[in-house]
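Undergrad: below are the sequence and a predicted model; questions follow.
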Amino acid sequence: MKQQYLINVKKVDNRLVIFLNGENVFDSGIVHDDPDMDRYIDITKKLEEHPEFTSELIFEGFNDSYNSTKENELNPWHFSYRVIKRTLDESGNVVIDADMIIPYDEKHLSNPNVRAINNTYKIVMKEKDYKVVSNSLSQQFYE
């Protein structure tokens, strides 16, 4: 059996940037109207580069609205993602997808042009398997 570690980005409104150990692994660009994305980002090789160290996975979500004219105007944001461990059989068929974190799916209003989320996960190698050992989740709502 082979293991893959993936991020499944399901929804983005307005911009999501993902970093693993300081390196950009995904940037949605500015997206409006909350489309379904269902994008998979394989982070297996990046995790395997330094298995003896703790890896840091960061999700930064921005509420960008360049057409906002008022400081106190509210703008919606929505981010939905999963971090999963995928087990494949010898033929490359998916046996199971297991969530490494509770799937994140939050939709709110906030002031425009702010960092809406700053979510960080620490990942370590334990018993030949990567595990999330801590997280720090931050969300910005309207003021």
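TA: Looks like it came in fine. Numbers count the residues shown, from 1 in each chain.
Undergrad: pull out the buried residues from the worst-scoring helix or strand of the chain on mean pLDDT.
TA: Least confident element among the helices and strands of the chain, by mean pLDDT, DSSP states H and E: strand 104-110 (a mean of 91). Neighbour counts over strand 104-110 (16 or more other C-beta atoms under 10 Å) mark 104, 108, 110 as buried. Just so you know, the C-beta spots here come from the backbone N, C-alpha and C atoms, and that holds for glycine as well.
Undergrad: now do the contacts for the nearest residue to the second one once chain neighbours are set aside.
TA: Meaning residue 108. Leaving aside its chain neighbours, residue 108 sits nearest to residue 141 (5.6 Å; criterion: C-beta to C-beta, 6 or more residues apart in numbering). Counting by C-beta atoms under 8 Å, 6 or more residues apart in numbering, residue 141 touches 108, 109, 110.
Undergrad: what angle do strand 104-110 and the helix or strand following the least confident helix or strand of the chain make with each other?
TA: Note on strand 104-110: by DSSP states H and E, the next helix or strand toward the C-terminus is strand 114-126. With axes from the mean of the first three to the mean of the last three C-alpha atoms, to 10 degrees defining the directions, strand 114-126 sits at 160 degrees from strand 104-110.
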